[in-house]
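Chemist: 3D model of this:
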Amino acid sequence: MNVDPWGEDVDETTYAQGRLPSRTYASASFPISWPNSADNGQPARFVYKVFDPEAESTAELDGEQWLVSESPAGRYQVKLLIAREAGNVRELWVQRVPVKGQGKVETRLNLRQPEAGRLVELLRTLDCIPVDGEQSVRVDYSLVRELFANPESLTRIYREDPSQLRQLISDDESARDVIALSHRRGQLQKFRRLLSDDDYFDAEVEQTPGRRREAVWQRFFEDNPWILGVPLTGQLLTSWSGRKLEQVVAGASVVSVGKRADALLRTSGRIKSMVFAEIKTHRTALLSASEYRSGCWPPSDELAGGVAQVQGTVHRAVNEIGERLEDVAPDGSDVPGGFTYMLKPRAFLVIGSLGQLLGRDGGHHRDRIRSFELYRRQLHEPEVVTFDELLARAEWHVTVAEDDVAPRET
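Modeler: Below you'll find the model as predicted:
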């Protein structure tokens, strides 16, 4: 069978004539051959859809009225080339398909990038253009592209050009929630990428002062305190200080030289209690490299040391601060009724990933899982939480919140 450079049958007309309008067809994947393109060698597919309209319409403007006329129609085919990733249309054809024995497929329109992408954007924006309206409407495709490309972009676009979205936001009571949830969903994507993409995480480490791995997570949680504040416990936790999560916890003012806590939090409500958190990295080992006895895996030095570190931090803070810590206003004065209690404060150690407990081929390693779970569940202080568990809790929180703001059918 003859094959053209794209990897499809040469006799395309026969296939176009035999396709059913009720189906969408996709070719087998093949490496695209574009030597001067970034897509060269990337996987690609052709996607086909045929249409059999009963008639063809033409519209002409006659004065102030549009005149629509019809003529007999035939078969048309839309052919798209997608490359590298799903939905990335690199080229598009609109073709006239003849009846059998009367010629070959004839291309009526051929669009490459960026024009093909603009046509796809047009189809995506149709739901946003109302039929009624006394004024003409212009759609900014760069705005639409930003919205579809990056879930975090909605907030940024609003800051850059509020006039484009202000009316939408003022008319929609849930708009603020939608923007906040869009941002949080984007931050969860970054969270997952930091966990799963080693090159990305290492690049973030290189851009962090001191090139400390822990500092990458410290900065991320400072930018997204809700990830610690909501998922860690049933109570809502907020940062003890509005400036940063990391705080020195020695002395009555929590500012003198002493032991630092990676995250100093407190519960919300009429009575607030202090909560401590120590943050390691997702790469920190949970268990030692070898068994202590058959089936028994001891905690790693990093896990055992992290536990001792948190315990020492909390013990020293309680001894030096006492039962409660009084809030201080920016001018140095007392805040009436502003107290944070230190009565057996809760503490957390965020460390490692449960993926470390899997076997060589990805299956559950029961001895490792048993050893880790028994160890952490016997701890009174701190509570040990892995990074992937923290991500799962945060994703659940955002999903529930999105369900709450989603339109309800009536």
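
Chemist: any weak-confidence spans in this protein?
Modeler: By pLDDT under 70, the weakly predicted segments of the chain are 1-10, 63-64, 68-72, 128, 133-179, 229-263, 267-269, 328-334, 337, 402-410.

Chemist: which residues of it fall in helices?
Modeler: Assigned helices in the chain, in chain order: 12-18, 115-125, 141-149, 153-160, 166-171, 175-196, 198-206, 213-223, 225-229, 301-321, 366-377, 387-405 (criterion: DSSP state H).

Chemist: quick check: which of those is nearest to K79?
Modeler: Taking Cβ to Cβ, helix 12-18 is the member of these nearest to K79, at 8.5 Å. All C-beta atoms are positioned from the backbone trio N, CA, C, and that covers glycine.

Chemist: so which of the helices of the chain is nearest Y48?
Modeler: Closest of these to Y48 is helix 12-18, at 7.4 Å (criterion: Cβ to Cβ).

Chemist: next, the buried residues of the closest one.
Modeler: For helix 12-18, the buried set under the neighbour-count rule, 16 or more other Cβ atoms under 10 Å, comprises 12-13, 15-17.

Chemist: and that helix, what does it pack onto?
Modeler: In terms of contact count using 3 or more Cβ pairs under 8 Å, 6 or more residues apart in numbering; DSSP states H and E, helix 12-18 is assigned the packing partners strand 43-51, strand 75-83, strand 89-97.

Chemist: so how far is it off the chain centroid?
Modeler: Distance of helix 12-18 from its chain centroid, counting by Cα atoms, centre = their mean, to the nearest Å, is 41 Å.

Chemist: one more: stretch 38-48?
Modeler: On the basis of Cα atoms, centre = their mean, the separation between the geometric centre of stretch 38-48 and that of its chain is 25 Å.

Chemist: send the alpha carbons of that stretch over as PDB?
Modeler: What follows is stretch 38-48 as a C-alpha-only set of coordinates in PDB (Å, rounded to 0.1, in the frame of the first residue of the first chain):
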ATOM      1  CA  ALA A  38       9.800  22.400  17.200                       C
ATOM      2  CA  ASP A  39       7.300  19.700  16.500                       C
ATOM      3  CA  ASN A  40       9.800  17.700  14.400                       C
ATOM      4  CA  GLY A  41       9.700  14.100  15.500                       C
ATOM      5  CA  GLN A  42       6.800  14.600  17.900                       C
ATOM      6  CA  PRO A  43       3.700  12.300  17.800                       C
ATOM      7  CA  ALA A  44       0.900  13.400  15.600                       C
ATOM      8  CA  ARG A  45      -2.500  12.300  14.300                       C
ATOM      9  CA  PHE A  46      -4.900  13.200  11.600                       C
ATOM     10  CA  VAL A  47      -8.500  13.700  12.700                       C
ATOM     11  CA  TYR A  48     -11.400  13.600  10.200                       C
END
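
Chemist: which residues touch that stretch?
Modeler: Contacting residues not belonging to stretch 38-48 are listed as 6, 8, 15-16, 19, 24-34, 77-84, 90 [Cβ atoms under 8 Å, 6 or more residues apart in numbering].

Chemist: same thing but at 6 Å, please
Modeler: Contact with stretch 38-48 is made by 8, 25-27, 29, 31-32, 34, 79-84, as judged by Cβ atoms under 6 Å, 6 or more residues apart in numbering.

Chemist: which of these are buried? Put it as a ChimeraX command.
Modeler: Remark: buried members of the contacts of stretch 38-48, expressed as a ChimeraX selection using 16+ other Cβ under 10 Å:
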select :8,27,32,79,80,81,82,83
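
Chemist: dump the C-alpha coordinates for stretch 79-92 into CSV.
Modeler: What follows is the C-alpha trace of stretch 79-92 in CSV, where atoms were taken according to Å, rounded to 0.1, in the frame of the first residue of the first chain:
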residue,chain,number,x,y,z
LYS,A,79,-9.3,17.4,8.3
LEU,A,80,-7.1,18.4,11.2
LEU,A,81,-3.5,17.6,12.1
ILE,A,82,-2.9,17.5,15.9
ALA,A,83,0.7,17.2,17.1
ARG,A,84,2.6,16.9,20.4
GLU,A,85,-0.4,17.1,22.7
ALA,A,86,-4.2,16.6,22.6
GLY,A,87,-6.1,19.6,21.1
ASN,A,88,-3.0,21.2,19.6
VAL,A,89,-4.2,21.8,16.0
ARG,A,90,-1.2,22.4,13.8
GLU,A,91,-3.0,22.5,10.4
LEU,A,92,-6.6,22.4,9.2
